[in-house]
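Novice: no FASTA, just this:
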């Protein structure tokens with residue numbers, strides 16, 4: 001027996017469901033583009049953070065990417081093995097390693113940025129320029145005081 005309770009609208013009328021579905025579909029397109037480069041969303045995010053704020057410790061990077069230290073350790077090991085990042089001892093704290101992008105990491109990140117731009121262009125193609133700016137501004141507003149996490 002199905003009931004039509006107005007307090008429980010169909011999923012397609014719930015903003016949270018639609019936002020989640022958009023995120024899932026966009027994520028699939030982005031991951032497809034990154035996959036051709038041997039990257040994932042997490043590895044892309046890590047490379048992007050390292051490009052903007054260097055050097056970073058593994059712990060700082062884990063907090064920014066919002067993953068646990070073990071997961072970040074495995075991710076950094078993979079990026080290091082591929083020659084995308086370099087680890088060096090911190091001069092003031094010899095127990096800490098600082099992470100920086102290698103030249104190959106910069107090249108890979110540039111290619112990933114191109115792949116991301118293509119995925120965004122494709123995904124948001126049904127919207128005109130004004131609509132894209134509006135959705136971008138609304139998403140930024142929703143993230144105020146929520147992300148990125150305070151440091």
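Specialist: Thanks, I have the structure now. Just so it is clear, the model here is predicted, and its values are computed rather than measured.
Novice: what about residue 104, distance to residue 76?
Specialist: 15 Å (CB to CB, to the nearest Å). Where you see a C-beta, it was placed from the backbone N, CA and C, and this is true even at glycine.
Novice: ugh, wrong one, I meant residue 97
Specialist: 9 Å.
Novice: any common contacting residues for these two?
Specialist: The contact sets of residue 97 and residue 76 overlap at 58, 87 (CB atoms under 8 Å, 6 or more residues apart in numbering).
Novice: Which one's more surrounded, those two?
Specialist: residue 76 (21 against 18; other CB atoms under 10 Å).
Novice: which residues touch the more buried one?
Specialist: With contacts defined as CB under 8 Å, 6+ apart, residue 76 is in contact with 46, 58, 61, 85, 87, 99.
Novice: What about those, which are in helices?
Specialist: The helices, defined by DSSP state H, take in 46, 58, 61 from the contacts of residue 76.
Novice: I'd like to know how far the first one sits from residue 126.
Specialist: In this case it means residue 46. 31 Å.
Novice: do the last one as well
Specialist: Remark: distance between residue 61 and residue 126 (CB to CB) = 35 Å.
Novice: Between these two, which has more neighbouring residues?
Specialist: For the pair residue 61 and residue 126, the greater number of neighbours falls to residue 61 (22 against 6), based on other CB under 10 Å.
Novice: my guess is that one contacts residue 47, does it?
Specialist: No - Residue 61 is beyond contact range of residue 47, at 10.1 Å (criterion: CB atoms under 8 Å).
Novice: which residues of this structure fall in helices?
Specialist: Secondary structure of the chain, counting by DSSP H: helices at 15-35, 41-52, 58-65, 69-81, 103-123, 129-143.
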